[in-house]
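Novice: 3D model of this:
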Amino acid sequence: MNIGLIAHNSKKKLMQNFCIAYRSILSKHTLYATGTTGRLIEEVTNLNIHKYLAGHLGGEQQLGSQVEHNEIDLVIFLRDPSAVSLHEPNVNTIFRLCDMHNIPLATNLATAELLIKSLDRGDMEWREIYKQ
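Specialist: Next up, the predicted model:
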């Protein structure tokens, strides 16, 4: 499965810890991330991550393009709802595209853990059928 990883600045450490905790599951899949998030995850996990530009430099649009083409199976976007973001429209675009293509999306740690455990159990295999 192709997994997209994004984290707002205040959530990057949380994303690193999430990826450390679930490294064994994530290592079985293809990972994509915005530039800074991907680099930080790689530093602590040694996972291989396809990195886009930093989110505010276009990385969110690059990931959004993959979502739009139904090439991502799961998105974990740890966001800070209290932070004002100049690139908020890009965030909403990813949410809208995930909804359009029935791509599971987690925006907080609780949902991210549910989705990653579901992925490990094989509950996401329906995505392979849906993509065809």
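Novice: which stretches of the chain have low pLDDT?
Specialist: By pLDDT under 70, the weakly predicted segments of the chain are 84-90, 130-132.
Novice: where exactly do the strands run in it?
Specialist: Using DSSP state E, the strands of the chain run over residues 2-7, 30-33, 49-51, 74-78, 105-106.
Novice: and residue 124, which of the ones you listed is closest to it?
Specialist: Of all the strands of the chain, strand 74-78 sits nearest to residue 124, with 6.6 Å by CB to CB. Every residue, glycine included, has its C-beta placed from N, CA and C.
Novice: who does that closest one pair with, and is each partner parallel or antiparallel?
Specialist: Neighbouring strands of strand 74-78 in its sheet, by DSSP bridges, are strand 2-7 (parallel), strand 105-106 (parallel).
Novice: out of those, which gets nearest to residue 57?
Specialist: With CB to CB as the measure, strand 2-7 is the member of those nearest residue 57 (13.1 Å).
Novice: neighbouring contacts of that closest one?
Specialist: Strand 2-7 is contacted from outside by 14-15, 19, 26, 29-34, 37-38, 41, 49, 55, 59-60, 63, 66-67, 71-79, 94, 119, using CB atoms under 8 Å, 6 or more residues apart in numbering.
Novice: and for stretch 122-131?
Specialist: Counting by CB under 8 Å, 6+ apart, 1, 70, 73-74, 102-104, 115, 118 sit against stretch 122-131.
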